[in-house]
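Engineer: sequence first, predicted coordinates after that:
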Amino acid sequence: MIRVGDVEGVLDQWAPFSSAEDWDNVGLLVGNREMTVTGILTSLDITPEVIVQARKAGANVVVAHHPVIFAPLRRIDSCSVPSQLLAAGMAALCVHTNMDRAPGGVNDILAAQLGLSDIREEEGLCRTGTLSREMAPEDFAAHVMRCLGTAVRISPGNAMVHSVGLCSGAGGDYLLHLAELGVQGLITGEIKHHEWLELSRCGATVVEAGHFDTEIGIAAELARRLSEAFTDLTVVQAVEQCPYRTLSQ
């Protein structure tokens, strides 16, 4: 018999929950550790659609990157996702900044998707690496588009891009530090306006590739690792789509 606590333990060995940022909310957020696991579904986010997929797959545990409870709950709404999980008898385990930091986690997956070598950990959450060849700023942006299959925004730098710094998700506030390391290319998912202004003066080429597209790769890796850890369980990855579309002019 496999319990929710057993799944939590495997995740903790890979990406210790104690390594999450102080402001984060990770671990078992819905359910109880003694519940018997019938199956696992992995995802980037826990949405009503993901819960429906879990039910159809016979899974009563959802393992997601983004916390299903983040801001303090002031009321319990029966339509909210935590309430829907409880009503369905499902547990939710969330691995957020601890999985950004973990070896083989979100940022290492992003670096691999971009074909980087000589990957190094920076500031815990971030990574630096090297492209197989130098690229002009616009060619570098096109490379990111092809690797991630997504539209991007770019602030071109003043040099060819060979070394790259990255932080998945909303990592705009980490990029200035990475620029100080001397990399010529910077990548993250989301950048605020004031961060764009600061980064435009750092000399590096900056690419914003979308929060969803820089992090969705973790759902497949979660499914792969949990399948290996629990060979008698059905472990499936949710089918998810970016919640917005980008229209060109």
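Structural biologist: Received it, and whenever you're ready, just let me know what you need.
Engineer: for the most centrally placed residue in the chain, give its distance to Asp77.
Structural biologist: With distances taken as CA atoms, centre = their mean, Glu215 lies nearest the centre of the chain, 3.2 Å away. Per CB to CB, to the nearest Å, Glu215 is found 26 Å from Asp77. Yep, even glycine has a C-beta here, placed from its N, CA and C like the rest.
Engineer: name the residues of the least confident helix or strand in the chain by mean pLDDT that are buried.
Structural biologist: Least confident element among the helices and strands of the chain, by mean pLDDT, DSSP states H and E: helix 172-180 (a mean of 93). Residues of helix 172-180 classed as buried: Gly172, Tyr174, Leu175, Leu178, Ala179 (neighbour count, 16 or more other CB atoms under 10 Å).
Engineer: which helices and strands does it pack with?
Structural biologist: strand 126-135, strand 161-167, strand 185-188, helix 193-199 (3 or more CB pairs under 8 Å, 6 or more residues apart in numbering; DSSP states H and E).
Engineer: who touches it?
Structural biologist: With CB atoms under 8 Å, 6 or more residues apart in numbering as the test, helix 172-180 has contacts from 122-123, 125-126, 128, 165-167, 186, 188, 190-192, 195-196, 198-199, 202-204, 206, 208.
Engineer: what is the nearest of the buried residues of helix 172-180 to Thr234?
Structural biologist: Tyr174 (36.9 Å; CB to CB).
Engineer: ok, the closest one to Asp232 distance?
Structural biologist: 40 Å.
Engineer: can you check Gln84 too?
Structural biologist: From Gln84 to Asp232 the distance is 27 Å (CB to CB).
Engineer: so where do the helices sit in the protein?
Structural biologist: Secondary structure of the chain (DSSP state H): helices at 4-14, 48-57, 81-87, 97-101, 106-113, 137-148, 172-180, 193-199, 211-215, 217-229.
Engineer: tell me which of the ones you listed sits nearest to Thr38.
Structural biologist: Across those, closest to Thr38 is helix 48-57 (CB to CB), at 9.5 Å.
Engineer: quick one: average pLDDT of that closest one?
Structural biologist: Mean pLDDT, helix 48-57: 98.
Engineer: ok so, going back, look at Gln84 and Asp232 and report which has more neighbours.
Structural biologist: Gln84 (20 against 6; other CB atoms under 10 Å).
Engineer: isn't that one right next to Val52, touching?
Structural biologist: No: between Gln84 and Val52 there is no contact, the gap being 9.4 Å when judged by CB atoms under 8 Å.
Engineer: so what sits against both of the two?
Structural biologist: Here Gln84 and Val52 have no joint contacts, going by CB under 8 Å, 6+ apart.
Engineer: TSV for the helices and strands packed on helix 172-180, including mean neighbour count, mean pLDDT and distance to Glu8?
Structural biologist: Shown next, in TSV, are the helices and strands packed on helix 172-180 (neighbours: other CB atoms under 10 Å; pLDDT from 0 to 100; distance: least, CB to CB, whole Å):
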stretch	mean neighbour count	mean pLDDT	distance to Glu8
strand 126-135	18	98	26
strand 161-167	24	98	26
strand 185-188	29	98	29
helix 193-199	14	96	35
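Engineer: make TSV out of the ones you listed and add distance to Val63.
Structural biologist: Shown next, in TSV, are those (distance: least, CB to CB, whole Å):
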stretch	distance to Val63
strand 126-135	23
strand 161-167	22
strand 185-188	24
helix 193-199	31
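Engineer: nearest to Gly89, of those?
Structural biologist: Nearest to Gly89, of all these, is strand 161-167, at 36.4 Å by CB to CB.
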